[in-house]
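Asker: My questions concern the predicted model and sequence given below.
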Amino acid sequence: MAVPFLLQARGIRKAFGGVEVLHGVDLDAPGGSVLALLGENGAGKSTLVKIVAGDYQPDAGTVTVGGDSFSALTPLTAREHGIRMIFQELADAPTLTVAENISLGRWPKRGPFVRWDEIRRRAREVLDQLGVELDVDAPVGSLPVGERQIVEIARALSDRARCLILDEPTAALSAQETERLFGFVRRLREQGTALIYITHRLDEVFEISDRVAVLRDGGVALEGPTADFGRGDLVAAMVGRDIGEVARPAPPARVAPEPVLRFDGASVDGAFDDVALDVRPGEVVALYGKLGSGTAEVAESAFGLHQLSGGAIEIAGRSVRLRDPADAIAAGVGLLPSDRQREGAFLIRSVAENLAAPSWWSMRRGGLFISDRREADAYGRWHEALRVRSRNDPAQLLGTLSGGNQQKVLLGRWLERRSRVLLLIEPTRGVDVGARQEIYRAIRELAAGGVGVLVATSDYEEVVQLADRAVVMARGRVAARLADDEITTQRLTEEVGG
Amino acid sequence: MTPVGTTGGTAAATEKPAAPGARAGAGANLARLPDIAPLVILLLALGIFFSIKSEFFLNYDNFLNILTAAAITGIIAAPATLLMVAGQFDLSVGSGLTFCGVLMAYVADKQGIFAGIVAALAGGVLLGLVNGTLVTVIGVNPLITTLATLAAFAGLARVIADGQTLPVNGFSSLGTSRPIFDIPLPVIIFAVVVVGFYVLMRYTVIGRSMYAIGSNPVAARLTGLRTGRLIFAGFLLSGLFVALAGLINVSQLSAASTQAGNGLELSVITAVVLGGASLAGGRGTIVGTLFGLLVIATLNNGLTLLSVNSFWQDVARGTLLALAVSFDQLRLRLTRE
Amino acid sequence: MTPVGTTGGTAAATEKPAAPGARAGAGANLARLPDIAPLVILLLALGIFFSIKSEFFLNYDNFLNILTAAAITGIIAAPATLLMVAGQFDLSVGSGLTFCGVLMAYVADKQGIFAGIVAALAGGVLLGLVNGTLVTVIGVNPLITTLATLAAFAGLARVIADGQTLPVNGFSSLGTSRPIFDIPLPVIIFAVVVVGFYVLMRYTVIGRSMYAIGSNPVAARLTGLRTGRLIFAGFLLSGLFVALAGLINVSQLSAASTQAGNGLELSVITAVVLGGASLAGGRGTIVGTLFGLLVIATLNNGLTLLSVNSFWQDVARGTLLALAVSFDQLRLRLTRE
Amino acid sequence: SDDDGDATGTAAATTAATTPAETPTAPREGIVEFETPEPGSGRGLKLGFIALGDSVPFSKLVTDGMKRAAKAAGAELVVCDSQLDGQKALDCAKSFRTQGVEGYLNFQVDQKLAGAVCAAGPDGPVIAVDIVQEPCQIAFSGAANEYAGFIAGEAMGRFAKERWNCEYDAYVSLESTASPDASEQRMGGYRKGFQSVCPGELKNEKVLDADRTDTARTKMTDTLTTLPGQEKIIVVGLNDDGILGAIAAAKTAGREGDIYVSGQGADPSAWCGIKTNPNWIADTGYFPERYGEIGIPYLIKAVKGERIPEQLLVPHELVTADNVDELYSPRGC
Ligand SMILES: Nc1ncnc2c1ncn2[C@@H]1O[C@H](COP(=O)(O)OP(=O)(O)OP(=O)(O)O)[C@@H](O)[C@H]1O
Ligand SMILES: Nc1ncnc2c1ncn2[C@@H]1O[C@H](COP(=O)(O)OP(=O)(O)OP(=O)(O)O)[C@@H](O)[C@H]1O
Ligand SMILES: [Mg+2]
Ligand SMILES: [Mg+2]
């Protein structure tokens, strides 16, 4: 390699439906270094990298890859030039096996035939390197999201990329998996690969990146070596103001004595065992554990998604048997699922409908009627409160919002529903730092208004910033219970185990 | 993040529920009008063409002929649109129509007209129950389910009628009376059904829920919608309207034929899909279906008026259908860029 | 974390590609065998039942009758499976078969048999080109596209034949010769096609790409697969095999009828879907389709041997179809819990 | 110049084909009488019947009649429904061979496909039913199409002459592209019969492809629009289904009195119309339920090696309001 690899974007412009998202962005990603790309939800990060990966065609500008310039790449030309991308949302083939997905689109072949043995061997090899154990013959669609994300990463790593783009790859990964991914990223950097890394987690930026670029208002707001900046600089560049330090919430003003949600020795076969837990109106309880520790299943079983094999669940003092989510919702429970697009979003419907869906039956008038107006009003309320970045058009399709903003709309649907119990699974996954604070504030306000909130999360910062009490889980069992000042990053990491 | 592939435009993508940025659904108020624009233009073009070519085309009577021809298919196409919006199909409508008609004739012969009507409606409900149970309780794919009931109910109808056309006397007013402005009753019923489904789909919880279910069934369940019940209700509605259409058909012909509904499922699906509904669910409107029906009925009517050979009629119908949709696609492509 | 909704089992979810926890796809080697198990059991049960009931059932000749009856549908069902795996349909196969047959007869009458064969194949390619272009280049929904070509090509066939059945002499060996073990050539061709598509779908890059496209077209495009071209090729293949089936049909009947392919599209889809392919794409195998075909052909054959009234045959066919798939669903439900 | 879309062929309906040497002037040649088969005459014989498509009412009546006659004769009858599909008829023939059928009646949809079906079927005598089955048929049984059309056409002509002195407004012929041969013979017979009373060119002739009730209704509705104000419209059809559709169209258009109809078959669904509708001028009776009383006895004879006539035509009857009660038993009119 005489000339080191360089990926260069110049003057990239892109508009959607008349609204320009990128106003002429320049970006350099040299080989052998990691560029962190930051920005608020909807700033245009994904749009920019999709242009580089050939998924979107820019309205203006050029992309230069290793010396060749393009006014528009296609997925195929991008791939041929060594560009690989891990998309923010899963882009896998659910009915195909893990092995096939890892080799998707470039199956090893002999003549016209694919080499199944080689496909499996390759898959095992990459997965070994990533240190994960997965059945390579299982259909990807049968795996949990986190594992699917790993398969996506394995795919991008399984052949020699000259430029690898990772769009929020760690959103669904455990700390351990994240560490392994970073190991890989470093190795690729040493091998001369150009890496673009998009994240909302600032500590990751400092841990892994060499350079940083912040997108704001359609342009690059800040750019330079990571070492030159502090956390505050980055946040300020992203949101245009300083949002201050992470702090523990003030203790709740008023907590009713009677729990609104109670797990009494509850078990679900194969997921969790003998969990006891109270959530009282007015408080936020965190259920902290690594991916696969059972935290999500605990929350889901209070939403009627798993049938208890033992113990009981009480809501507002009454023992309930929840056969399905409709039962749970009728009992006043709301759930924000972990896999936004698959389990929460109506992508081809409007944001207003998405927000109002669980409330339709109580919004109706005169029998079964419902009006666009009332839906729009509901949207108006939460659009403001949650600072959703969009065209502020209730009829905009949800699928055209950025990922983080979709998350806010889906959270808003339970705020609108006025649930007594909120079950939030990874509520700020993929949400930017600024908005994260907004969401935390909204959650705290809800609690203050008498709602009981249970947050299942694998993000200890989230626990620290949000929870009044924390229940730590490991391997399906409660490992520790922490309250108030006991909730520190350190304690959490300790209790959850190596 | 926005699902990838918005600009793609390979057709493969267009049918996937997750394919975003595809044309705006019915929910987007503004996006709606343009959606059926090409159908409206096509309808106008056909109207102008046939008016020039045939002196009989532009005429109140003929206008009613067109609507009458569309009425039976239309009455069934309305719930079919609702089902397709929820990501479901009902292929059993044709044999359902036959079955209900035959049941009516058979019972009416023995117990009188009123009992016959009740029997037909019960037959429609039965069909809906069977389809609904198989799809929502057992979990069988709707296509297979309704292919199975398509065969079974056609057979049952023939068993009941012993393969014969059964005459029905004294029951012609439903199909042939013209209560106001000389408009045949079936056309009025058709209009009421269209308006009813327009309101249902656009302004009621049930309609909304159907769109939600079609656009993402898992998410629909997780927002508390009783997806099973709602889909069940959709199949019941379909059965009920099939029975209504069967009654009208019997009344118009004063007889129940075991061939009456042959091929109806294809006409219904053609109209619904031409009207913009997506097989993947989540998209489609009753207004679109209405225009789909009108385009097809106008085409058939005009070609008959011009005494076009039936073979060429098929060719013309197929070609026009392809052209219309291609044109629409190209338009979308252009406006998007 | 487990995707929520896994245990749900509302049917609504089962057809969505994204539905989590849905049954394992064809790609999973181990999951494959059990998938067709209920069909195999059903086939055995039918075999035993008919063997007891009719002395003529269990007999080499009758066995060949069953296979011959399945051959034409089967030759078309193979590419149809490939298309469905890629998330596409071809409803134009019936009129395509008619069209190619008529073209063969028309040209053979003027230019000789060989020219006729070439014409038929060209006709199939033309059909494939039209479908492929509309779907992949223009981006029209495959259902609409092939509904349009269904009408247009049926019309064209009738125009060419002037509505008549055209006799074809001196071309019977393709359809009726029995080169080895007294097995009719169409059966041998059918077997070769099945094996060919088995290998194609299971072991070649093209086959796997089709699964990827059907499973998630967006992902397929993003990994650089030429989705448009591949789907185009799928339609071309479909057209080509339709032509082959058309030739066999003409050869068997020594004539080309303008009714030859009526309703074939439904038989093909029934077999493919019964065989486990999903309308949403990404799932389905040629072995499944083969068993789907055999179940239907055996049922038809056995019921005819028992001289069951054809109306009851319809009822039996529909009911059995529904029962078989329900049973399969219930089994899945049980094994999952 | 005809029309329609779905030439689905389902109602190749009261179909039939070449009845050679059938001319209106010598109408009754080849016509035989119905006879109840002699009990026991068929004992030990295995006979076959390829049905046209029992979803067509006419075909179902034929099938049932065949079964009755075979039972009366004590013969085993294997019935196979070809569902209006040549390919299925071929499967039926093969299956007959497998089952050792000794002789069969063939009512297969398309005479041009007969060669292949003959070749695939068992050896033994074949009697064609309504549709010629060259080269293997030893006899043709069933409708005398041209004659059947002729007698109804003649009756219609007489009506037109008496009522309007042959000054009618239009002549609408409901035909079938799905079974072109039968259609041509039958409707040609109509024309000849009509013209034998009202000579000269037909006035304002319209030919519609309308062999099913629903297609006939749609077509007739549109056609009536092109005949505004006309009150003397003659409508003739190759089956009663089409006529029922035409009447429905006229009724819906409020012009029930403007059309004067005649169909073929005198199916049960037509009896009340013939009896009570003054505009239903005449129909031709086909007696499909009694086809078996010709087909089965002659097939038994043939299997036993007797010579039988080549033409076994049905004794058609002109059916009008005057004789419908004698010939049939219309109920609930
Ligand atoms: N297909 C589309 N159609 C319309 N608007 C779109 C589309 N894709 C993106 N947008 C808009 O472009 C803007 C930028 O979106 P993008 O997905 O690039 O944001 P992002 O920076 O990746 O955000 P996040 O951090 O939430 O992932 C958003 O306002 C979004 O609504
Ligand atoms: N999501 C839904 N899907 C289908 N049917 C529903 C749904 N929600 C409610 N229903 C039906 O509507 C009826 C009344 O609903 P619900 O119990 O929500 O009324 P409500 O008590 O007035 O509501 P709320 O307590 O939210 O104000 C019930 O019979 C129920 O079957
Ligand atoms: Mg993004
Ligand atoms: Mg309530």
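Answerer: Yep, it's here. Ligands and ions are numbered 1, 2, ... in the order given.
Asker: in terms of contact, does residue A:430 touch residue A:45 like I think?
Answerer: No. If you go by Cβ atoms under 8 Å, residue A:430 and residue A:45 don't touch, sitting 11.1 Å apart. The C-beta positions use only the backbone N, C-alpha and C, and glycine is treated the same way.
Asker: more neighbours, these two?
Answerer: residue A:45 (28 against 24; other Cβ atoms under 10 Å in any protein chain shown).
Asker: residues touching that one, list them.
Answerer: By Cβ atoms under 8 Å, 6 or more residues apart in numbering or on different chains, residue A:45 lies in contact with A:37-39, A:167, A:198, A:215.
Asker: Just give the closest residue to residue D:185, not the sequence neighbours.
Answerer: residue D:145 (3.9 Å; Cβ to Cβ, 6 or more residues apart in numbering or on different chains).
Asker: pLDDT value on the one you found, please?
Answerer: We have a pLDDT of 88 for residue D:145.
Asker: Residue of the stretch 151-300 of chain D closest to ligand 2, please.
Answerer: Residue nearest to ligand 2 within the stretch 151-300 of chain D: residue D:214 (37.6 Å; Cβ to the nearest ligand atom).
Asker: that older thread, if we only consider the contacts of residue A:45, which is nearest to residue B:191?
Answerer: residue A:167 (51.1 Å; Cβ to Cβ).
Asker: Quick one, grab the pLDDT at that closest one.
Answerer: Value for residue A:167, per-residue pLDDT: 90.
Asker: Residue B:244: neighbouring residues, count only.
Answerer: Residues near residue B:244, counting by other Cβ under 10 Å: 23.
Asker: Next up, phi/psi of it, please.
Answerer: phi -60, psi -50 (degrees, to the nearest 10).
Asker: Same question for residue A:456.
Answerer: Taking degrees, to the nearest 10 as the convention, residue A:456 sits at phi -90, psi 120.
Asker: Now for it: which residues touch it?
Answerer: A:286-287, A:289, A:295-296, A:298-299, A:423-426 are the contacts of residue A:456 under Cβ under 8 Å, 6+ apart.
Asker: just checking: which of these also lie near ligand 3?
Answerer: Contacts with ligand 3 are made by none of these, judged by Cβ under 5 Å from the ion.
Asker: As CSV, those residues with neighbour count, secondary structure and distance to residue A:93 would be great.
Answerer: Formatted as CSV, these follow (neighbours: other Cβ atoms under 10 Å in any protein chain shown; DSSP: H, G, I helix; E, B strand; the rest coil; distance: Cβ to Cβ, whole Å):
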residue, neighbour count, secondary structure, distance to residue A:93
A:286, 28, strand, 35
A:287, 29, strand, 32
A:289, 30, coil, 30
A:295, 31, helix, 29
A:296, 31, helix, 24
A:298, 28, helix, 31
A:299, 28, helix, 29
A:423, 29, strand, 31
A:424, 26, strand, 30
A:425, 27, strand, 25
A:426, 26, coil, 24
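Asker: correct me, but residue A:15 touches residue A:58?
Answerer: No. With contacts counted by Cβ under 8 Å, residue A:15 stays clear of residue A:58, the gap being 9.8 Å.
Asker: Tell me which of these two has more neighbours.
Answerer: residue A:58 (25 against 14).
Asker: Does that one touch residue A:14 like I think?
Answerer: Yes. Between residue A:58 and residue A:14 there is a contact under Cβ under 8 Å: 5.3 Å.
Asker: Now for the two: what residues contact both?
Answerer: Each of A:22, A:51 lies in contact with both residue A:58 and residue A:14 under the rule Cβ under 8 Å, 6+ apart.
Asker: buried sites along stretch A:267-287?
Answerer: Going by neighbour count (16 or more other Cβ atoms under 10 Å in any protein chain shown), the buried part of stretch A:267-287 is A:267-268, A:271-273, A:275, A:277-287.
Asker: following the helix or strand containing residue B:242, which helix or strand comes up?
Answerer: For residue B:242, the host element (DSSP states H and E) is helix B:227-253. Going down the chain from helix B:227-253, the next helix or strand is strand B:255-256, by DSSP H and E.
Asker: what packs against that next one?
Answerer: helix B:93-111, strand B:166-167, helix B:227-253 (3 or more Cβ pairs under 8 Å, 6 or more residues apart in numbering or on different chains; DSSP states H and E).
Asker: now do 10 Å
Answerer: helix B:93-111, helix B:142-161, strand B:166-167, helix B:227-253, helix D:240-252, helix D:268-276 (3 or more Cβ pairs under 10 Å, 6 or more residues apart in numbering or on different chains; DSSP states H and E).
Asker: and stretch A:105-118 with chain C, contact?
Answerer: Yes. Shown here: stretch A:105-118 in contact with chain C (Cβ under 10 Å from any Cβ of the partner chain) through A:105-116.
Asker: Buried ones in that stretch, by neighbour count?
Answerer: A:105, A:107, A:109, A:113-114, A:116.
Asker: re earlier: quick check: the residue of the stretch 151-300 of chain D closest to ligand 2 touching residue B:260?
Answerer: Yes. Using Cβ atoms under 10 Å, residue D:214 is in contact with residue B:260, at 6.4 Å.
Asker: Quick check: neighbours shared by the two?
Answerer: When contacts are counted by Cβ atoms under 10 Å, 6 or more residues apart in numbering or on different chains, residue D:214 and residue B:260 are jointly contacted by B:72, B:249, B:253.
Asker: And the helices in chain B?
Answerer: Taking DSSP state H to define them, one finds helices in chain B at B:11-14, B:29-53, B:60-85, B:93-111, B:113-132, B:142-161, B:173-176, B:185-203, B:205-215, B:217-222, B:227-253, B:264-274, B:286-305, B:310-336.
Asker: Sorry, wrong one. I was asking about the stretch 1-150 of chain D.
Answerer: D:57-73, D:86-98, D:114-120, D:145-164 (DSSP state H, counting those that start in this stretch).
Asker: Which one of the ones you listed lies nearest to ligand 2?
Answerer: helix D:57-73 (44.6 Å).
Asker: pLDDT below threshold where in chain B?
Answerer: Applying pLDDT under 70 to chain B flags the ranges B:1-35, B:328, B:331-337.
Asker: go on, the stretch 351-498 of chain A?
Answerer: A:498.
Asker: OK, contacts around the residue of it found nearest chain D?
Answerer: Closest residue of the stretch 351-498 of chain A to chain D, Cβ to the nearest Cβ: residue A:368 (35.1 Å). Each residue near residue A:368 by Cβ under 10 Å, 6+ apart is listed here: A:360-361, B:199-200, B:203-208.
Asker: please redo it, this time with the cut-off set to 6 Å
Answerer: B:204-206 (Cβ atoms under 6 Å, 6 or more residues apart in numbering or on different chains).
Asker: can you check residue D:37 too?
Answerer: Going by Cβ under 6 Å, 6+ apart, the list of residues near residue D:37 reads D:69, D:72-73, D:296-297.
Asker: Nearest residue to it in space, please, no chain neighbours.
Answerer: Nearest in space to residue D:37, with sequence neighbours left out and distances taken as Cβ to Cβ, 6+ apart, is residue D:73 at 3.7 Å.
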